[in-house]
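Q: just coords:
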């Protein structure tokens, strides 16, 4: 396992990608989200950030002028 820092939140986590058994292997990203993350961040993101981004990406867009949820 490799000690890493998430480029999104700055939190420390253990990345097992090089060991071949990273926890993120079970995460499913759309091609659009995968490309967006690769463009925006360098390196691996922690699981909480990945889950948050997946959840945010799966919500339908708000109509124009709608208030954002708290």
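A: In hand now; what should we look at? Treat the numbers as computed from the prediction; the structure is a model and nothing was measured.
Q: any idea how far the closest residue to residue 22 other than its chain neighbours lies from residue 10?
A: Using Cβ to Cβ, 6 or more residues apart in numbering and skipping residues adjacent in sequence, the residue nearest residue 22 is residue 16, 4.0 Å away. Every C-beta, even on glycine, is put in place using the N, C-alpha and C of the backbone. Residue 16 sits 20 Å away from residue 10 when distances are taken as Cβ to Cβ, to the nearest Å.
Q: Looking at the two, which has the bigger crowd around it?
A: With other Cβ atoms under 10 Å as the criterion, residue 16 and residue 10 differ in neighbour count, and residue 16 comes out ahead with 16 against 8.
Q: So in this structure, which helix runs the longest?
A: For the chain, the helix that runs over the most residues, judged by DSSP state H, is helix 47-58.
Q: Tell me if I'm right that the residue nearest to residue 22 and residue 2 touch.
A: Yes - applying Cβ atoms under 8 Å, one finds residue 16 in contact with residue 2, separated by 7.4 Å.
Q: so how many other residues sit close to residue 15?
A: As a measure of burial, residue 15 has 19 neighbours, counting by other Cβ under 10 Å.
Q: Could you tell me the phi and psi values at it?
A: In this entry, residue 15 is assigned phi and psi values of phi -100, psi 130 (degrees, to the nearest 10).
Q: how far is the longest helix of the chain from where the chain is centred?
A: Put simply, helix 47-58 sits 5 Å off its chain's centre (Cα atoms, centre = their mean, to the nearest Å).
Q: list the buried ones in stretch 38-57?
A: Under the neighbour-count criterion of 16 or more other Cβ atoms under 10 Å, stretch 38-57 has 44, 45, 46, 49, 50, 53 buried.
Q: From the chain's centroid, how far away is it?
A: In terms of Cα atoms, centre = their mean, the centre of stretch 38-57 is found 1 Å from the chain centre.
Q: who touches it?
A: Counting by Cβ atoms under 8 Å, 6 or more residues apart in numbering, stretch 38-57 makes contact with 4, 6-9, 11, 13, 15, 17, 22-24, 27-30, 32-33, 37, all of which sit outside it.
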